[in-house]
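Student: this one's sequence-less:
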């Protein structure tokens, strides 16, 4: 019997502390053990989708099970039908073409998840290992300094909403010189991904300058 894994909790590559408002925010200090995020040339910076974690199990080329974390989702159900629909939509769009037998993780986004910040009409499952790494990767990562201030400024100025841009649901604003100044689409943050499977997350709401609603987290 196959052992089902849960998606591991992703930590921040920067040490986080409690501010005067009782919010956890990042500091310039690198989290011990996460130096690879900034030193290893093979690390990818991939857009972090604001959805719910869902994995699928493929055996003999067929999807045999769907899990929301460690909860198995029946193919015929009422409460979480949107998850099955999301997997089906991903299949229909060809997002699973290169997935071999095994357990594969991804994110379900859409009308039934987190208020649908992407404004899409259908729920869809986005696999991490194939679609996200190919289409939601920031190619500018590594072309600029990887110090805290540079990365903080990158987030504060506005990350490019790669998924929304790819879907054509992102308005592009340009300055008088014709250069792009900002994008209208939603983007939550970045998942730094190593080729060996290690990952770390960094969201805009982790920075001290962030003024919107932050994620509620019970630990650092």
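Tutor: Right, received. Where do you want to start? All values reported here derive from a predicted model rather than from experimental measurement.
Student: flag the shaky bits of this structure, pLDDT-wise.
Tutor: Applying pLDDT under 70 to the chain flags residues 1-2, 180-181, 216-220.
Student: which non-adjacent residue is nearest the residue nearest in space to the middle of it?
Tutor: Residue closest to the mean C-alpha point of the chain, counted by CA atoms, centre = their mean, is residue 48 at 2.0 Å. Among residues not flanking residue 48 along the chain, residue 189 sits closest, at 4.3 Å (CB to CB, 6 or more residues apart in numbering). Using the backbone N, CA and C atoms, a C-beta is placed for each residue, glycine as well.
Student: go on, residue 155?
Tutor: Nearest in space to residue 155, with sequence neighbours left out and distances taken as CB to CB, 6+ apart, is residue 204 at 5.1 Å.
Student: hmm, residue 159 and that neighbour touching each other?
Tutor: Yes. If you go by CB atoms under 8 Å, residue 204 and residue 159 touch, sitting 7.4 Å apart.
Student: find residues that contact each of these two.
Tutor: Shared contacts of residue 204 and residue 159, defined by CB atoms under 8 Å, 6 or more residues apart in numbering, comprise 187, 189.
Student: give me the neighbour count for the residue nearest to residue 155.
Tutor: Neighbourhood size, residue 204 [other CB atoms under 10 Å]: 19.
Student: tell me how far it lies from residue 179.
Tutor: Distance of residue 204 to residue 179, computed by CB to CB, to the nearest Å: 22 Å.
Student: same question for residue 29.
Tutor: Taken as CB to CB, the span from residue 29 to residue 179 is 34 Å.
Student: more crowded one of those two?
Tutor: More crowded of residue 29 and residue 179, by other CB under 10 Å: residue 29, with 11 against 7.
Student: what's the closest non-adjacent residue to residue 109?
Tutor: Closest residue in space to residue 109, ignoring its immediate chain neighbours: residue 51 at 3.9 Å, by CB to CB, 6+ apart.
Student: isn't that neighbour right up against residue 113?
Tutor: Yes. Using CB under 8 Å, residue 51 makes contact with residue 113 at a distance of 5.0 Å.
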